[in-house]
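Colleague: have a look at this prediction, sequence included:
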Amino acid sequence: IFKFLGAISVDLGQDRIKPYLPTILTPLYRELNSNYAEQDPTLKNLSQEIIELLKKLVGLETFSLAFSSVQKQANQKRAMRKKQRALQTVANPDIAARRKLKRHKNKAETRKRKIESLRPLYKAKRHRSHALKDLAMVE
């Protein structure tokens, strides 16, 4: 898709690409700013190359305006999601408590895996799932 965006940009030319610039920059910006563990470095390099191509194509000033608008929009979305999460914690405390329990359980499992990888002879105790016991309501 990134190659397609680059090809379309070159094909449209300097004047006709300007209205579509924020739309083209959005996935490129998202790829550049993502910090996933299993991120593909070739995608990051490709997005950087296409950004450089767009910068040369439309000029630095036009590119900077479009890029800053995309950046601003992404930050607003991130802030909105954070605000929604905080509001949900207040509005639905039971859902928030379940999410917190799940996060703590995952953190403990991660810690056990890390210890096992560092010390292969050590075997951490794992929580055994008792299906009926887990289904019971605990007060």
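Modeller: Okay, I see it.

Colleague: CA only for contacts and neighbour counts going forward, please
Modeller: Will do.

Colleague: middle-most residue in this protein, spatially?
Modeller: Centroid-nearest residue in the chain, with C-alpha atoms, centre = their mean: Ser34, separated by 5.2 Å.

Colleague: quick check, pLDDT for that one.
Modeller: On the pLDDT scale, Ser34 is placed at 83.

Colleague: swap in His127?
Modeller: Model confidence at His127, expressed as pLDDT, equals 65.

Colleague: what's the lengthiest helix in the chain packed up against?
Modeller: Selection of the longest helix in the chain by residue count, based on DSSP state H, yields helix 60-91. Under the contact definition 3 or more C-alpha pairs under 8 Å, 6 or more residues apart in numbering; DSSP states H and E, helix 60-91 sits against helix 21-33, helix 93-118.

Colleague: which helix or strand in this structure has the lowest average pLDDT?
Modeller: Within the chain, no helix or strand scores below helix 131-135, which has a mean of 58 by mean pLDDT, DSSP states H and E.

Colleague: so where's the chain shaky on pLDDT?
Modeller: The model of the chain has pLDDT under 70 over residues 37, 122-139.

Colleague: at 80 instead, please
Modeller: 35-40, 120-139 (pLDDT under 80).

Colleague: list the buried residues in the helix or strand that Phe4 is a member of.
Modeller: Assignment of secondary structure by DSSP states H and E places Phe4 within helix 2-17. For helix 2-17, the neighbour count (16 or more other C-alpha atoms under 10 Å) marks 5-6, 9, 17 as buried.

Colleague: quick one: which of the residues you listed is nearest to Ile51?
Modeller: Top of the list for closeness to Ile51, among the buried residues of helix 2-17 and by C-alpha to C-alpha, is Gly6 at 8.6 Å.

Colleague: before we move on, the earlier item: rebuild the helices and strands packed on helix 60-91 as JSON lines, extending it with distance to Gln84.
Modeller: Output for the helices and strands packed on helix 60-91, formatted as JSON lines (distance: least, C-alpha to C-alpha, whole Å):
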{"stretch": "helix 21-33", "distance to Gln84": "21"}
{"stretch": "helix 93-118", "distance to Gln84": "12"}
